[in-house]
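> Build me a model from this:
(one chain, ligands or ions: 1)
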Amino acid sequence: MAAENPNEGKSLADRITKPDATQESSSAGIPNVDGASESLGGSNLQEPEYDVEVKLSDLQADPNNPLFSVKSFEDLGLSPSILQGLYAMKFLKPSKIQERALPLLMHNPPTNMIGQSQSGTGKTAAFTLNILSRLELDTEEMRKTPQALILAPSRELARQIGGVISEMGRFVENLSVGMAVPTEGKRPARLEHAVVCGTPGTVMDLIKKRVLIVNKLKVLVLDEADNMLDQQGLGDQCIRVKGFLPKTIQVVLFSATFDDQIRLYAAKFAPNANEISLKQEELTVEGIRQFYLDCDNDDDKYNVLVKFYGLLTVASSIIFVQTRQTAAEIEKRMTAEGHTVASLTGGVEGSLRDKIIDDFREGRAKVLITTNVLARGIDVSTVSMVINYDIPQHFAPGQPRTADAQTYLHRIGRTGRFGRVGVAISFVSNKEEWQMLMDIQKYFHTTIEGINTRDWDEVEAMVKKIIKNPRARGDFPMSTA
Ligand SMILES: Nc1ncnc2c1ncn2[C@@H]1O[C@H](COP(=O)(O)OP(=O)(O)OP(=O)(O)O)[C@@H](O)[C@H]1O
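Model prediction:
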């Protein structure tokens with residue numbers, strides 16, 4: 001008798017093998033795709049010393065956690081092929097922003113969205129799943145017709161989003177995702193992809209040259225939208241791009257930060273939008289432990305940084321500086337002293353930038369020195385430490401320097417992603433920087449603890465205790481502040 005077909009009479013959704021919710025740490029599965037979730041084992045650190053490891057499912061069962069949701073992905077009306085992509089990425093349950101945003105985004109007739117959620121809580125998947133659900137790929141012509149456009153503030157983030165959409169839509173037949181970022185290479189005569197990810201300046205250029213045809217676009221997403229609408233250049237370019245798009249397009253704005261002023265711009269850019277917002281005191285991420293360290297001066301900052309080097313390479317680390325010059329100087333000095341560091345700033349072009357970020361994402365480079373060009377969106381789950389070598393600050397000619405609280409939040413949000421833990425350490429070398437950091441602490445109602453001790457063994461032990469356990473939670477012994 002022929003072997004009984006176990007799938008006989010089952011729908012595709014029933015046939016989809018959903019990973020067992022308790023199966024959390026399988027390392028098998030998806031390739032290391034830009035921005036896609038790694039297996040939940042966190043970075044390849046030696047086994048945690050603690051039995052206090054908190055599993056992602058515990059976090060997602062906690063109603064107070066931004067990763068909590070009552071629904072399952074199956075409840076959100078997603079097609080079987082999209083569900084298959086989520087299962088392959090080991091997304092077991094939606095996060096809060098995904099659960100709350102998706103029913104609003106996928107509802108017809110389409111409505112605009114201004115969505116806010118903490119860093120690392122899954123905003124990319126929220127807008128990606130809406131896009132994938134709205135694509136029409138039945139005919140050859142439609143497969144080549146741009147239907148969704150995603151704008152991001154940096155080339156790296158645009159590429160990362162393109163990678164996530166391709167990975168999440170792996171089982172969506174005939175899906176094609178194209179990039180519209182600066183390139184030295186020859187451009188195609190036409191971008192024939194249903195989904196296009198790019199930076200505003202290049203997208204505007206390709207629209208003008210009719211390489212990108214926009215008359216069939218249904219969804220426009222601005223990731224890091226507050227940054228996109230606020231910055232002089234980016235804001236103007238986004239407004240110009242939108243002027244060429246169908247008036248009925250669904251406009252979707254996402255970010256971890258929307259200050260009041262920007263929220264006014266956003267409401268104009270995305271009229272009558274559904275809004276999901278957070279209070280300032282809800283924005284910092286529980287898993288990110290924030291510290292500051294007193295340095296005597298800039299040279300002392302450098303010496304402290306080199307002392308941290310052993311810790312920086314325990315997993316992966318990002319060092320944020322204010323200017324390209326500082327980045328170049330630190331890279332030069334550390335490399336001359338035999339340390340391996342990568343540096344990526346706006347001064348680096350095209351394919352070299354791609355190589356640098358890919359080397360970092362895949363662990364070939366453990367320490368990345370960069371400026372605010374990578375402060376937002378970059379998702380590398382092995383980043384366990386962020387160093388603010390310089391406090392992020394607003395500069396205005398003739399005005400005193402003031403703390404840039406939003407950029408601070410985005411920078412430290414490069415660690416502690418989706419329930420993991422991470423350490424953020426800010427170097428302060430004078431009273432002005434210290435005051436800016438205290439202003440940031442007050443703005444977010446958060447705690448930035450002083451590492452007063454210069455007993456490096458104790459500092460190293462304390463930091464290692466936090467980063468050794470991918471999802472540890474709870475208080476750790478702290479050096480006396
Ligand atoms: N439901 C889910 N289950 C498991 N992992 C998820 C889920 N949603 C997202 N992730 C993973 O969480 C990480 C962070 O997601 P994402 O980059 O979308 O965060 P974000 O909210 O956009 O952060 P940022 O504000 O920094 O841009 C990614 O590695 C992503 O693969």
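> C-alpha from now on. contacts and neighbour counts both.
Noted.
> For stretch 213-224, buried residues please.
213, 214, 217, 218, 219, 220, 221, 222, 223, 224 (16 or more other CA atoms under 10 Å).
> what's the distance between the closest residue to residue 194 other than its chain neighbours and residue 86?
Excluding the flanking residues, the one nearest residue 194 by CA to CA, 6 or more residues apart in numbering is residue 146, at 4.2 Å. Distance of residue 146 to residue 86, given as CA to CA, to the nearest Å: 23 Å.
> can you check residue 450 too?
In terms of CA to CA, residue 450 sits 41 Å off from residue 86.
> Among the two, which residue is more densely surrounded?
Legend: neighbour count by other CA atoms under 10 Å for residue 450 and residue 86, higher for residue 86 (23 against 17).
> Are we agreed that that one is in a strand?
No - Residue 86 is assigned helix when assessed by DSSP: H, G, I helix; E, B strand; the rest coil, not a strand.
> is it true that it touches residue 171?
No - taking CA atoms under 8 Å as the definition, residue 86 is not a contact partner of residue 171, at 9.7 Å.
> what pLDDT does the closest residue to the ligand within the stretch 201-350 of the chain get?
Closest to the ligand within the stretch 201-350 of the chain is residue 256: 5.0 Å, counting by CA to the nearest ligand atom. Note on residue 256: pLDDT of 97.
> what's the neighbour count on it?
Residue 256 has 26 neighbouring residues, counting by other CA under 10 Å.
> Check residue 395 too.
By the criterion of other CA under 10 Å, residue 395 has 12 neighbours.
> ditto for residue 196
Counted with other CA under 10 Å, the neighbours of residue 196 add up to 25.
> so it, which of the three states?
Secondary structure of residue 196, per three-state DSSP, is strand.
> How about residue 329?
helix.
> repeat for residue 275
Look at residue 275: counting by three-state DSSP, its state is strand.
> phi, psi of the residue positioned nearest the centre of the chain?
The chain has residue 377 as the residue nearest its centroid, 2.9 Å off, counting by CA atoms, centre = their mean. Dihedral pair for residue 377: phi 80, psi -30, per degrees, to the nearest 10.
> Spell out which parts of the stretch 101-250 of the chain neighbour the ligand.
Residues of the stretch 101-250 of the chain lying near the ligand by CA under 6 Å from any ligand atom: 118, 119, 120, 121, 122, 123, 124, 125.
> Make CSV from the residues you listed and add secondary structure to it.
Formatted as CSV, those follow (three-state DSSP):
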residue, secondary structure
118, coil
119, coil
120, coil
121, coil
122, coil
123, helix
124, helix
125, helix
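> can you pick the most crowded of those?
Those, ranked by neighbours (other CA under 10 Å): first place residue 119, 27 neighbours.
> That one contacts residue 413, doesn't it?
Yes - here residue 119 reaches residue 413: they are 5.2 Å apart, a contact under CA under 8 Å.
> So which bits of stretch 101-111 are buried?
Quick answer for stretch 101-111 (16+ other CA under 10 Å): 101, 102, 104, 105, 106, 110, 111.
> again, but for stretch 435-453
Residues of stretch 435-453 classed as buried by neighbour count (16+ other CA under 10 Å): 436, 437, 439, 440, 441, 444, 446, 448, 449, 450, 451.
> what's the most distant pair in these?
Maximum pairwise distance among these (CA to CA): 19.9 Å, between 444 and 451.
> Let me see the ranges of the helices in the stretch 201-350 of the chain.
Taking DSSP state H, counting those that start in this stretch as the criterion, the stretch 201-350 of the chain contains helices spanning 225-230, 232-243, 260-269, 298-312, 324-336, 350-361.
> Now find how far off-centre the third one is within its chain.
Read that as helix 260-269. 22 Å (CA atoms, centre = their mean, to the nearest Å).
> Residue 382 reaches residue 313, doesn't it?
No - judged on CA under 8 Å, residue 382 makes no contact with residue 313 at a distance of 10.7 Å.
> And those two? Which one has more around it.
Counted by other CA under 10 Å, residue 382 and residue 313 do not tie: residue 382 has more neighbours, with 28 against 18.
> Retrieve the pLDDT associated with the more buried one.
pLDDT at residue 382 comes out at 92.
> From residue 137, how far out is it?
Taken as CA to CA, the span from residue 382 to residue 137 is 35 Å.
> got it, and residue 285?
From residue 285 across to residue 137, the span is 38 Å (CA to CA).
> Please apply the same query to residue 393.
From residue 393 across to residue 137, the span is 46 Å (CA to CA).
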